[in-house]
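A structural model of the following input is requested.
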Amino acid sequence: MAKRWLPLANLVFLLLLFTHSHSATHPADVAALRDIKNSLTDITSAAQFFSTWDFSSAADADPCSSFAGVTCSASRVTILTLGTGLSDSPGLAGTLPAAIARLAALTQLILFAGIVTGPIPPELAALRRLRVISLAGNRLTGAIPPEILRLPALHTLDLSRNRLSGAVPPPLAAAPQLKILVLAGNRLTGEFPGDLPPQLLHLDLSSNLLTGELPAKLPAALRYLSAANNRLRGSLSGSALDPLSDLAYVDLSMNELSGPVPGPLLRRGVTSLLLQRNNFSGGLPESPPWEAVAGSTVDLSHNFLSGEVTAALAGVETLFLNNNRLSGGVAAEYAASVAAGTMKTLYLQHNYLTGFPLGVGSALPEAAAVCVSYNCMAAPPLGLAACPDSAGEQLSRPAYQCNGFHNSLD
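The predicted model follows:
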């Protein structure tokens, strides 16, 4: 039988494919990875993330083909993932070495949660292809190097849940591709940054020590904004939030914001509006009822809101108005919304309300959680079954509190 030979072109292709898929890692990257391993370590011997990082035999241990967390293209490291990210893994310890900056083709740097300490190496600014930096959940200290915010390809920067200090470095507007910025859970000080990139979609500065007011202008593309648990002040009336048509999530809770609740934010596109534990005052907006949106949440609890509960928020799925100074009756649209299953949670406890629109013998869906305890209702139509423990065990306020409250309004 005659032998069947592959065409020369096919042989060349297969040879190139085999050579590319089994090519050795670039020597400069091997040296950088060696220094990285010398700076970091598994917290426990059981974790063993670095067990595959064996430099003892270059022939048998090519980083691009056998090292955990290393992804390559054309013999260069393009993605470096440090740690397993598993829920039962304690992560890594040590410090981030400047050697990472010698991985010239790196596009993603991910460090899973652990106890890595020390500063963020400013040398990372040399990685011009870097698109993602995620170092969340460690114990990094010092200031955020402003150089990394000017990386031309940087799309995502997540430095949350560390111990970083100092101000948010300016100018953020100089980050040409930055769309996701997460700096939550640090010790950042100074005022809320006012020079944000116009293309920014996601901004999380929560749980820091930021002061001042929201800037007069925010990125038009912004969809997610969280600055909860800071020291922000001022009013949101006529703020930069009003014209942001793509905004869907707003969390400014646990600040020192004041003035009226911003009516323009009570719109269909904003599915989560969290303004609890501030100093907002005045009445609820008189706007038409919010259109029903599945999954929508509005939390205005623990403020100083007064007046009657207007129908403006009757379409919200989860609504918290508890611990305010609301009085009078509750719009009938709320009982109708709960009965229809549109509104699933309605907390009105710890106000001065005098009635809830529920007829005698009426029943609400079993899944509904409606709490109206500790108001000025002599016989509240609902018990305590759906109330949280923080509501207490008293169904009604003492009469002297209600009389004194209403007299103070006259």
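
residues contacting residue 190?
By Cβ atoms under 8 Å, 6 or more residues apart in numbering, the contact list for residue 190 reads 166-168, 210-212. Any C-beta I mention is one placed from the backbone N, CA and C, and that applies to glycine too.

Recalculate using a threshold of 6 Å.
Residue 190 makes contact with residue 167, according to Cβ atoms under 6 Å, 6 or more residues apart in numbering.

What score does it have for pLDDT?
The per-residue pLDDT reported for residue 190 equals 95.

Can we start the residue count at 217 from this point?
Right, with 217 as the first residue, what we last looked at is residue 406.

any idea how far it is from residue 414?
Residue 406 is 21 Å from residue 414, where distance means Cβ to Cβ, to the nearest Å.

now swap in residue 247 and tell me
40 Å.

Please apply the same query to residue 335.
Distance of residue 335 to residue 414, computed by Cβ to Cβ: 29 Å.

try residue 594
56 Å.

And for residue 248?
35 Å.

Looking at those two, which is more packed in?
Each of residue 248 and residue 414 has its neighbours counted (other Cβ atoms under 10 Å); residue 248 has more, 24 against 12.

wait, is the more buried one part of a helix?
Yes - counting by DSSP: H, G, I helix; E, B strand; the rest coil, residue 248 is part of a helix.

mind checking the backbone torsions on the closest residue in space to it that isn't next to it in sequence?
In space, and not counting its chain neighbours, residue 248 is closest to residue 318: 4.0 Å by Cβ to Cβ, 6 or more residues apart in numbering. Here is the backbone geometry of residue 318 (degrees, to the nearest 10): phi -90, psi -10.

Contact partners for residue 591?
Residue 591 neighbours (Cβ under 6 Å, 6+ apart): 567, 569.

for it, phi and psi?
Torsion angles, degrees, to the nearest 10, at residue 591: phi -120, psi -170.

Can you name the residues bridging to it?
The partner list for residue 591 in beta bridges (DSSP bridges) reads residue 612.

wait, isn't residue 331 in contact with residue 355?
Yes - counting by Cβ atoms under 6 Å, residue 331 touches residue 355, with 5.4 Å between them.

hey, what's in contact with both of those two?
Taking Cβ under 6 Å, 6+ apart as the contact rule, residue 331 and residue 355 touch no residue in common.

Was I right to think the residue nearest to residue 248 contacts residue 247?
No - in terms of Cβ under 6 Å, residue 318 does not count as a neighbour of residue 247; the distance is 7.2 Å.

host element of residue 551?
helix 548-555 (DSSP states H and E).

give the contact list for residue 527.
505, 547, 549.

Residue 393 too?
369-371.

is it true that it lies in a strand?
No - assessed by three-state DSSP, residue 393 does not belong to a strand; its assignment is coil.

Leaving out sequence neighbours, find the closest residue to it.
The nearest residue in space to residue 393 (Cβ to Cβ, 6+ apart) is residue 371, at 5.3 Å.

can I assume that neighbour is in contact with residue 347?
Yes - the pair residue 371 / residue 347 is scored as a contact, 4.7 Å apart, by Cβ under 6 Å.

if I look at the two, which residues touch both of them?
Contacts common to residue 371 and residue 347, judged by Cβ under 6 Å, 6+ apart, are absent.

How much space separates the residue nearest to residue 393 from residue 377?
20 Å.

And for residue 585?
Relative to residue 377, and taking Cβ to Cβ, residue 585 is found at 31 Å.

Dig out what residue 513 forms beta bridges with.
Listed by DSSP bridges, the beta-bridge partners for residue 513 are residue 488, residue 534.

mind checking how far it is from residue 405?
30 Å.

Also residue 436?
Residue 436 is 28 Å from residue 405, by Cβ to Cβ.

Repeat that for residue 511.
35 Å.

Of those two, which one has the most company?
residue 405 (15 against 9).

Quick check: closest non-adjacent residue to that one.
residue 425 (4.8 Å).

SS state for that neighbour?
Residue 425 ends up coil, using three-state DSSP.

Helices of the stretch 467-616 of the chain, start to end?
Counting by DSSP state H, counting those that start in this stretch, one finds helices in the stretch 467-616 of the chain at the ranges 548-555, 615-625.

Now do the same for residue 233: its pLDDT.
Model confidence at residue 233 (pLDDT) stands at 38.

Please tell me how far the residue nearest to residue 519 when sequence neighbours are not counted sits from residue 518.
Nearest residue to residue 519, sequence neighbours excluded (Cβ to Cβ, 6+ apart): residue 496, at 4.2 Å. In this structure, residue 496 and residue 518 are 10 Å apart, going by Cβ to Cβ.

More neighbours: the two, which one.
residue 496 (22 against 19).

Residue 452 versus the more buried one, what's the distance?
8 Å.

Skipping adjacent residues, who's closest to residue 589 in space?
residue 565 (4.7 Å).

gap between that neighbour and residue 593?
11 Å.

Looking at those two, which one has more neighbours?
Counted by other Cβ under 10 Å, residue 565 and residue 593 do not tie: residue 565 has more neighbours, with 25 against 19.

Could you list the single helix or strand in this protein with the lowest mean pLDDT?
Lowest by mean pLDDT, DSSP states H and E among the helices and strands of the chain is helix 224-237, with a mean of 38.

Quick check, central residue of this protein?
By Cα atoms, centre = their mean, the chain has its centre lying nearest to residue 420, at 5.3 Å.

my guess is it contacts residue 442, does it?
Yes - contact between residue 420 and residue 442 holds when scored by Cβ under 6 Å: they sit 4.6 Å apart.

So which bits of stretch 401-413 are buried?
401-402, 404, 408-410, 412-413 (16 or more other Cβ atoms under 10 Å).

what distance separates that stretch from the centre of its chain?
Between the centre of stretch 401-413 and the centre of its chain there are 15 Å (Cα atoms, centre = their mean, to the nearest Å).

Lovely, talk soon.
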